[in-house]
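Student: The following comprises the amino acid sequence and a computationally predicted model.
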Amino acid sequence: MTPNEIKRLEEFLEDSFGAGVYFRELRLSNEEMEYVKRKYPRAELKKCVTRECSDGKIWWEVNLLSNQKNFSKEIKIEKNKVTIEEGA
C-alpha cells in the first residue's frame, strides 16, 4: 500500500473504532486485512459469508477484544496506538 492509502486506512480504522466501539463489520481488501492483523495482533478477524465485491474487497468481522476475558473494558484509539483500560 502507498503511504496515502495507509493514511486513509488509519483514518478509517480510527473512525470505525472510536467511542468505545470494539466490534465492526468492515469491507477490506486482502492487503488492508493483513495490515489490520499486523496493527492489532490480538484482534480476531472472521470472514463473513459473502461473495467478493467487484473491487476485490470482502466483508470481515473485526473484534478488537476477542482475546479479552473482561468485556467491560474501554478501548481508546489514538493515532497509531490502541489502549485498553479496565472498566469502573
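Tutor: Received it, and whenever you're ready, just let me know what you need. Not measured: the values here are computed from a predicted model.

Student: tell me what the host helix or strand of Y35 is packed against?
Tutor: Per DSSP states H and E, Y35 falls inside helix 30-39. Helix 30-39 makes packing contacts with helix 3-16, strand 44-47, strand 58-63 when contacts are defined by 3 or more Cβ pairs under 8 Å, 6 or more residues apart in numbering; DSSP states H and E. Where C-beta positions appear, they are placed from N, C-alpha and C, glycine not excepted.

Student: From the rest of the structure, what touches the shortest one?
Tutor: Looking back up the chat, that one is strand 44-47. M33, V36, K37, I58, W59, W60, E61, V62, N63, S66, N67 (Cβ atoms under 8 Å, 6 or more residues apart in numbering).

Student: Next, count neighbours for E31.
Tutor: 13 (other Cβ atoms under 10 Å).

Student: I'd guessed it sits against T2; true?
Tutor: No - E31 is beyond contact range of T2, at 10.7 Å (criterion: Cβ atoms under 8 Å).

Student: Tell me, please, where in this structure the pLDDT is lower than the cut-off.
Tutor: The model of the chain has pLDDT under 70 over residues 67-88.

Student: cutoff 50 now
Tutor: 69-73, 88 (pLDDT under 50).

Student: sorry, back to before: what angle separates the helix holding Y35 from strand 58-63?
Tutor: Counting by axes from the mean of the first three to the mean of the last three Cα atoms, to 10 degrees, helix 30-39 lies at 10 degrees to strand 58-63.

Student: list the buried ones in helix 30-39?
Tutor: For helix 30-39, burial by neighbour count (16 or more other Cβ atoms under 10 Å) applies to E32, M33, Y35, V36.

Student: before we move on, what about stretch 19-28?
Tutor: Quick answer for stretch 19-28 (16+ other Cβ under 10 Å): Y22, L26, L28.

Student: out of the residues you listed, which one sits closest to K7?
Tutor: Proximity of those to K7 was ranked by Cβ to Cβ; the top entry is L28 with 15.8 Å.

Student: List the residues that contact that closest one.
Tutor: Contacts of L28 by Cβ under 8 Å, 6+ apart are V36, K57, I58, W60.

Student: CSV please, covering those residues and showing distance to T50.
Tutor: What follows is these, written out as CSV (distance: Cβ to Cβ, whole Å):
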residue, distance to T50
V36, 18
K57, 10
I58, 7
W60, 10
